[in-house]
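**Student:** mind folding the following:
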Amino acid sequence: MQTKAGDPGAFAQFDLSRVESPAFVVDAAKIRANCQLLAEVRDEATSDGANIKVYSALKAFSMWSVAHIIGEYLDGVCASGLWEARLASEFYDGEIATYSAAFKPEELDEICRLSDHVIFNSPAQMKRAALILDQAAVTGGDVSVGLRLNPMVPTGEVAKYDPSAPGSRLGFPIDQLTEEAMEGVEGIHFHNLCEQTFEPLQRTWDRVFDVIEPWFGQLKWINMGGGHHITRADYERAELVELLKDAAADTGAEIIIEPGEAIALDAGILVGTLLDTGFNDVPIGITDVSATCHMPDVLEAPYRPAMLGELQDEEIIPIRLGGPSCLAGDVIGDYRLPVPAEAGARFAFLDQAHYSMVKTNTFNGVPLPSIYLWDSETDQLELVKSFDYDDFKNRLS
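**Tutor:** Predicted coordinates:
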């Protein structure tokens with residue numbers, strides 16, 4: 001995959017030596033600017049009375065130390081299970097919508113207590129949960145039940161990131177939707193995008209609209225999921241506003257979008273240090289940043305993260321950077337460093353606030369990056385979290 005972001009923004013002036021290495025540095029001012037832009041889209045779409053809401057997707061970015069910023073602008077969060085729902089209830093303002101490909105029965109009661117919307121992956125699972133849902137209603141729970149649909153409209157660049165890919169387990173296939181499947185359903189959810197602009201959403205909605213039209217009087221809300229790169233410079237925000245307005249008017253339902261990446265787009269960097277260099281057919285650099293431990297999507301997507309200040313002179317021979325782990329494939333990519341390629345050199349990868357931070361692990365005992373919050377407008381820098389040996393040990397037995 002080709003990274004769709006990588007604007008250095010204020011990080012172009014950030015002194016990498018101000019933080020320990022490795023470390024995530026998140027710009028609070030950029031988070032605020034992204035959230036403000038999302039709120040402006042929502043407010044413009046609601047100017048004619050449409051009921052539009054924007055949630056923050058915790059699966060992409062769950063740095064709860066900035067929850068107060070997100071809460072100033074957005075309407076709530078979406079969670080992917082019990083633990084994210086707990087995090088949402090503890091730190092975030094607004095509504096909570098919880099979806100999982102499958103809920104454990106022993107967790108569903110608490111999920112219903114914490115959530116405003118509980119979204120099931122299939123009608124069969126929803127029916128098995130009927131007693132729990134009935135009990136939640138009796139005890140005063142005001143949870144609204146939704147069904148996730150698989151639109152069966154492939155839009156993704158990479159099949160394993162495409163919820164509509166053939167054989168996908170995510171969502172109930174839209175061509176199987178029946179009156180029986182829709183019994184008790186108050187909302188529809190679909191999530192069909194990954195780092196995409198407006199056209200794939202329009203194409204997806206055209207398909208979903210035609211199928212769910214018979215239930216417009218029944219549906220209280222329609223959640224169009226995430227993957228919308230709304231805060232990217234080239235996103236067609238005017239077109240999105242019109243779609244949201246039209247969808248609300250046509251369906252009579254509340255329309256929800258739940259971007260995750262858009263909230264933290266270009267809002268964070270991952271700072272690393274070059275530990276050693278060598279040569280084996282190509283120049284090689286070993287860093288304290290690991291693809292497998294700190295940026296798993298580099299290997300899973302795969303993709304090449306952008307580097308802060310990378311030189312563009314093609315006459316310069318790039319150096320192949322990889323992590324300290326024993327995994328032979330722990331390779332980040334080939335880069336023309338903006339600093340001399342020698343031990344002790346600092347560098348940073350761009351656009352690492354979302355997904356990288358939530359996916360870190362301690363394979364091989366590789367330390368987790370510290371987390372810093374920086375405000376590019378005030379230059380205030382705060383160490384939010386650091387990790388030590390106990391964090392590694394306590395995950396084991």
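**Student:** contacting residues for the nearest residue to residue 295 once chain neighbours are set aside?
**Tutor:** Nearest residue to residue 295 in three dimensions, chain neighbours excluded: residue 356, at 4.9 Å (Cβ to Cβ, 6 or more residues apart in numbering). Just so you know, the C-beta spots here come from the backbone N, C-alpha and C atoms, and that holds for glycine as well. Residue 356 sits next to 24, 268, 270, 294-297 when contact means Cβ atoms under 8 Å, 6 or more residues apart in numbering.
**Student:** now for these: which two are most distant?
**Tutor:** Taking Cβ to Cβ as the measure, these span a maximum distance of 15.8 Å, between 268 and 296.
**Student:** quick one, which of the two is more surrounded?
**Tutor:** residue 268 (28 against 18; other Cβ atoms under 10 Å).
**Student:** wait, that one touches residue 24, no?
**Tutor:** Yes - Residue 268 lies in contact with residue 24 (Cβ atoms under 8 Å); the separation is 5.7 Å.
**Student:** joint contacts of the two?
**Tutor:** 352-353, 356-357.
**Student:** may I see the buried residues of the lengthiest strand in the chain?
**Tutor:** In the chain, taking DSSP state E as the definition, the longest strand is strand 268-280. Under the neighbour-count criterion of 16 or more other Cβ atoms under 10 Å, strand 268-280 has 268-275 buried.
**Student:** would you turn these into TSV with pLDDT and distance to residue 376?
**Tutor:** As requested, the buried residues of strand 268-280 are exported to TSV (pLDDT from 0 to 100; distance: Cβ to Cβ, whole Å):
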residue	pLDDT	distance to residue 376
268	98	12
269	98	11
270	98	17
271	98	15
272	98	20
273	98	22
274	98	25
275	98	29
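**Student:** for the residue lying closest to residue 301 once chain neighbours are set aside, give me the pLDDT.
**Tutor:** Computed as Cβ to Cβ, 6+ apart, the closest residue to residue 301 that is not its neighbour in sequence is residue 1, at 4.5 Å. pLDDT, residue 1: 74.
**Student:** residue contacts, residue 1?
**Tutor:** 157-158, 161, 195, 301-303.
**Student:** what's the distance between it and residue 102?
**Tutor:** Counting by Cβ to Cβ, to the nearest Å, the gap from residue 1 to residue 102 is 27 Å.
**Student:** now the most centrally placed residue in the chain. Nearest residue, chain neighbours left out?
**Tutor:** Centroid-nearest residue in the chain, with Cα atoms, centre = their mean: residue 60, separated by 2.2 Å. Counting by Cβ to Cβ, 6+ apart, residue 60 lies nearest to residue 260, which is 2.7 Å off, once chain neighbours are set aside.
**Student:** swap in residue 13?
**Tutor:** Counting by Cβ to Cβ, 6+ apart, the residue nearest residue 13 is residue 376, at 8.0 Å.
**Student:** over to residue 296?
**Tutor:** In space, residue 296 is closest to residue 359, 4.7 Å off (Cβ to Cβ, 6+ apart).
**Student:** contacting residues around the closest residue to residue 382 other than its chain neighbours?
**Tutor:** Counting by Cβ to Cβ, 6+ apart, residue 382 lies nearest to residue 373, which is 4.8 Å off, once chain neighbours are set aside. Residue 373 is in contact with 25-26, 28, 65-66, 381-382, 384, counting by Cβ under 8 Å, 6+ apart.
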